[in-house]
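S.K.: take this sequence and fold it.
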Amino acid sequence: MTESIDDTEVSPLVQQILKRRGYDTTEALERFLHPSYDRDLHDPFLLTDMKKAVARITKAIKGAEPVAIYGDYDIDGLTATSMMLDFLGGLGANVIGYIPDRFEEGYGINQAALAKLQKQGITLVISVDCGITSAEEAAWAKQHGLDLIITDHHAVPEQIPQAIAVINPKRPEDKYPFKDLAGVGVAFKLVQALQQHLGQPASGQEKWLLDLVALGTVCDVVTLVGENRVLVTYGLRVLAQTRRVGLMALAGVAGLNLANVASYHLGFILGPRLNAAGRLETATEALRLLTTSDVVEASIAAAHLEVLNQERRDQQAVILEQAILQAEHYEDDPVLVLASPDWAQGVVGIVASKLMERYHKPTLLLQILGQTSKGSGRSVASFNLVENLRALDGIFTKVGGHHFAAGFTLESDKIDQLRNQLNARANSQALVQDISHTADLELDDFTVLTLEVISQLEQLEPFGNGNPKPIMTTVKSKVVKSGTVGADGRHLKLVLADKFGQTITALGFGLADQHPNLAIGQEIDAWFQLVKNDFSGYPKAELILTALH
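M.R.: Now for the predicted structure:
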């Protein structure tokens, strides 16, 4: 008989949160709180075509064939490419990496790149984080005698490319138990399979690759549950003692201590800096940073990425301001489709995400490049973006992605058609704008909001998509003090009191404009995260407000 979660030694507060999230047995709780590399990772050979891929790569290694790893220019693709170069290079393979230019070549495998690689003598191409939509390119490779292995995690189209092997847990017939691996996660399953087949390196040594797996997994915003939670948990431990001089240099320019790294630092500090290269120039600099063993080269690359990241932030701010003004013209649309020739295609995806969070509706942003436009979209839970885009017959020349994010190319004169048809589909599906505020715990007593509780909540790390940092709520708290902070006064700073008179400081970043007239003594409902503030040298518990009513 399965024990109740209440029979464990986990604190009552953490038990309540985990029970609400569905971890209501001892086994589920154990697997969540204590992820095990040996127990919780699935057999890589359960993935369709894995045996075929392992056999072909083994042949290439033994025959010293020139092999290319073909990756994407985002963090997921970059980390997957770097990891495969590291692993195969360690086995003595004759291997190079190839990252397409976002602006010249676009997303995914392209025929010109395959032809160039073959001309260089490459006989086997292994894609990572891309390729599932590259049926025409795969057909060209087969016709010209270039072997292709595809590893990907994006939504699978009706026509699966004809390659030596196509490894993707989302394939309809695939038996792999966990479907939400990032691209780097799928590539790591290939690493595991090769390691098991070849017996090299020694069992367990492949774990040194998990710093890259964690970085790509967190930055690709896949769910941090199940197998992803295992990979990121172990990856953070590896990252704290990483051997990669490039990651050390990048952490240095960002002022980050890798010994204390958490998932937040991957998604919001290291990730954006690595992504900046591919967004503004080419991703080659980021790949060089991740693969170099030269300290000087790493330092130069890290400094350059820091400059590019600041430039990206400046561009992002300008595009966001312009996009908000344009969005006002389409405020009644359930899906926002916005376009401008002045918006860099490398940045529109980030801005689409910001607008989606602001308006709680799917958002597509495009850069108009003459007769052609390229765009990126972000979506909400109730609207599968890539499925809805693929259902628009004859609009796109290229489209790919997954439920929450997609990239696409179309003729510029079809933008209005895209807007009209996509909104018609959204209306027919009764698209839900989920702006409700959920909480993991309801409290009426601030005395439980202690540093000890903050320490207990750290057991739930790593946080991310599918495992967000816990949100708590309190009803009818009184405003004792109210003010604003920050250079532009955008942030709200409150002192709140519970029904017993116990007070606590609360900060609401960006909430000042939404709540300009809070009166002393006013009763409010608050949703918040509990954090430790030790800025003054005297640690204390504070609230970070996520919503007020």
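S.K.: so, low pLDDT: which residues of the stretch 351-500 of the chain?
M.R.: 431-436 (pLDDT under 70).
S.K.: got the residue ranges for the helices in it?
M.R.: 385-390, 415-428, 451-457 (DSSP state H, counting those that start in this stretch).
S.K.: now tabulate those helices in JSON lines and tack on distance to Leu85.
M.R.: C-beta here means a position set from N, CA and C on the backbone, and glycine is covered the same way. Shown next, in JSON lines, are the helices of the stretch 351-500 of the chain (distance: least, Cβ to Cβ, whole Å):
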{"stretch": "helix 385-390", "distance to Leu85": "29"}
{"stretch": "helix 415-428", "distance to Leu85": "38"}
{"stretch": "helix 451-457", "distance to Leu85": "38"}
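S.K.: could I get the ones you listed as a markdown table with mean neighbour count and distance to Thr372?
M.R.: Shown next, in a markdown table, are the helices of the stretch 351-500 of the chain (neighbours: other Cβ atoms under 10 Å; distance: least, Cβ to Cβ, whole Å):
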| stretch | mean neighbour count | distance to Thr372 |
| --- | --- | --- |
| helix 385-390 | 21 | 16 |
| helix 415-428 | 16 | 11 |
| helix 451-457 | 15 | 48 |
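S.K.: please name every helix or strand in contact with the helix or strand hosting Met84.
M.R.: According to DSSP states H and E, Met84 maps onto helix 75-90. Helix 75-90 makes packing contacts with strand 66-70, strand 94-98, strand 124-128, helix 183-198, helix 210-219, helix 271-280, helix 284-291 when contacts are defined by 3 or more Cβ pairs under 8 Å, 6 or more residues apart in numbering; DSSP states H and E.
S.K.: can I get that helix in PDB, CA atoms only?
M.R.: What follows is helix 75-90, C-alpha atoms only, in PDB (Å, rounded to 0.1, in the frame of the first residue of the first chain):
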ATOM      1  CA  ILE A  75      20.900  28.300 -26.400                       C
ATOM      2  CA  ASP A  76      19.300  24.800 -26.700                       C
ATOM      3  CA  GLY A  77      21.000  24.200 -30.100                       C
ATOM      4  CA  LEU A  78      24.300  25.800 -29.000                       C
ATOM      5  CA  THR A  79      24.600  23.700 -25.900                       C
ATOM      6  CA  ALA A  80      23.600  20.500 -27.700                       C
ATOM      7  CA  THR A  81      26.200  21.200 -30.400                       C
ATOM      8  CA  SER A  82      28.900  21.900 -27.900                       C
ATOM      9  CA  MET A  83      28.000  18.800 -25.900                       C
ATOM     10  CA  MET A  84      28.100  16.600 -29.000                       C
ATOM     11  CA  LEU A  85      31.500  18.100 -30.000                       C
ATOM     12  CA  ASP A  86      32.800  17.500 -26.500                       C
ATOM     13  CA  PHE A  87      31.600  13.900 -26.300                       C
ATOM     14  CA  LEU A  88      32.400  12.700 -29.800                       C
ATOM     15  CA  GLY A  89      35.800  14.500 -29.800                       C
ATOM     16  CA  GLY A  90      36.600  12.700 -26.600                       C
END
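S.K.: what comes up buried for that helix?
M.R.: Residues of helix 75-90 classed as buried: 75-88 (neighbour count, 16 or more other Cβ atoms under 10 Å).
S.K.: relative to strand 66-70, how tilted is that helix?
M.R.: Interaxial angle, helix 75-90 versus strand 66-70 (axes from the mean of the first three to the mean of the last three Cα atoms, to 10 degrees): 160 degrees.
S.K.: what distance separates helix 75-90 from the centre of its chain?
M.R.: Here helix 75-90 is found 17 Å from its chain centre; the criterion is Cα atoms, centre = their mean, to the nearest Å.
S.K.: equivalent analysis for stretch 64-72, please.
M.R.: Relative to where its chain is centred, stretch 64-72 has its mean C-alpha point 24 Å off (Cα atoms, centre = their mean).
S.K.: quick one: buried residues of it?
M.R.: Glu65, Pro66, Val67, Ala68, Ile69, Tyr70, Gly71, Asp72.
S.K.: could you do stretch 285-300 as well?
M.R.: Glu285, Ala286, Leu287, Arg288, Leu289, Leu290, Thr291, Thr292, Glu297, Ala298, Ser299, Ile300.
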